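Chemist: what would the 3D arrangement of this be:
(one chain, ligands or ions: 1)
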Amino acid sequence: MTAHDDSSESADTPQRAATEGHVLDRLAAVIASRHGGDPASSYTAKLFSQGPEKISKKLGEEAVEAVIEGTKGDRARLAEESADVLYHMLVLWSAHGLAPDTVWHALEKRLGTSGIAEKKARDKQA
Ligand SMILES: N=c1c2ncn([C@@H]3O[C@H](COP(=O)(O)OP(=O)(O)OP(=O)(O)O)[C@@H](O)[C@H]3O)c2ncn1[C@@H]1O[C@H](COP(=O)(O)O)[C@@H](O)[C@H]1O
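Modeler: Residues are numbered from 1 along each chain as shown. Modelled structure (predicted):
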């Protein structure tokens with residue numbers, strides 16, 4: 001994944017490094033390049049043409065498949081279903097112009113904060 005900078009709020013762009021960096025960033029660049037593409041030759045372009053609602057539904061289906069695998073013990077199947085989830089998640093972000101860096105930044109901010117401590121702080125605020 002890339003370092004974070006002031007561009008973290010910008011929409012994703014196909015110009016981002018397509019040959020180096022974390023696979024999620026490289027995949028996001030490929031996905032971004034499919035906007036306006038031919039739905040007959042690109043599954044991503046087909047998803048974009050169907051809109052965020054359909055993409056969200058596909059993400060939900062893939063998530064359920066990952067959940068089902070999560071209840072079993074087959075790591076290879078879980079890895080494949082997880083890859084499907086991540087791909088469809090990236091497509092959904094791209095459909096909304098949400099740059100992956102924005103999500104990486106959110107995760108970075110949470111690193112080092114225990115989920116238990118974070119929940120306690122939230123409960124105090126409520
Ligand atoms: N990582 C993926 C990826 N993971 C899953 N899928 C597709 O997601 C679809 C999910 O399968 P389903 O059977 O649930 O869906 P379906 O019946 O084909 O489609 P629906 O009619 O339900 O919409 C399959 O067609 C998979 O091929 C992906 N399609 C593309 N990518 C990546 O995206 C890149 C660009 O792909 P294209 O846009 O197709 O060129 C590829 O090089 C890959 O790196």
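Chemist: other SSEs contacting the helix or strand hosting residue 58?
Modeler: Element membership of residue 58 [criterion: DSSP states H and E] is helix 52-70. Contacts defined by 3 or more Cβ pairs under 8 Å, 6 or more residues apart in numbering; DSSP states H and E place helix 52-70 against helix 43-50, helix 75-95. Every C-beta, even on glycine, is put in place using the N, C-alpha and C of the backbone.
Chemist: pull out the buried positions in that helix.
Modeler: 52, 55-56, 58-59, 62-63, 65-66, 69 (16 or more other Cβ atoms under 10 Å).
Chemist: so where's the protein uncertain?
Modeler: 1-19 (pLDDT under 70).
Chemist: chain center to the helix holding residue 58, what's the gap?
Modeler: Distance of helix 52-70 from the chain centroid (Cα atoms, centre = their mean, to the nearest Å) equals 12 Å.
Chemist: between that helix and helix 75-95, how many degrees?
Modeler: 160 degrees (axes from the mean of the first three to the mean of the last three Cα atoms, to 10 degrees).
Chemist: restrict helix 52-70 to CA atoms and write it as CSV.
Modeler: Coordinates of each C-alpha in helix 52-70 appear next as CSV, following Å, rounded to 0.1, in the frame of the first residue of the first chain:
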residue,chain,number,x,y,z
PRO,A,52,-23.4,0.8,-7.1
GLU,A,53,-26.6,-0.9,-6.0
LYS,A,54,-25.8,-4.0,-8.1
ILE,A,55,-22.1,-3.9,-7.0
SER,A,56,-23.2,-3.8,-3.4
LYS,A,57,-25.4,-6.8,-3.9
LYS,A,58,-22.6,-8.7,-5.5
LEU,A,59,-20.3,-7.7,-2.6
GLY,A,60,-22.9,-9.0,-0.2
GLU,A,61,-23.1,-12.3,-2.0
GLU,A,62,-19.4,-12.7,-2.0
ALA,A,63,-19.2,-11.8,1.7
VAL,A,64,-21.8,-14.5,2.5
GLU,A,65,-19.7,-17.0,0.5
ALA,A,66,-16.7,-16.0,2.6
VAL,A,67,-18.7,-16.3,5.8
ILE,A,68,-19.8,-19.8,4.8
GLU,A,69,-16.1,-20.7,4.2
GLY,A,70,-15.2,-19.1,7.5
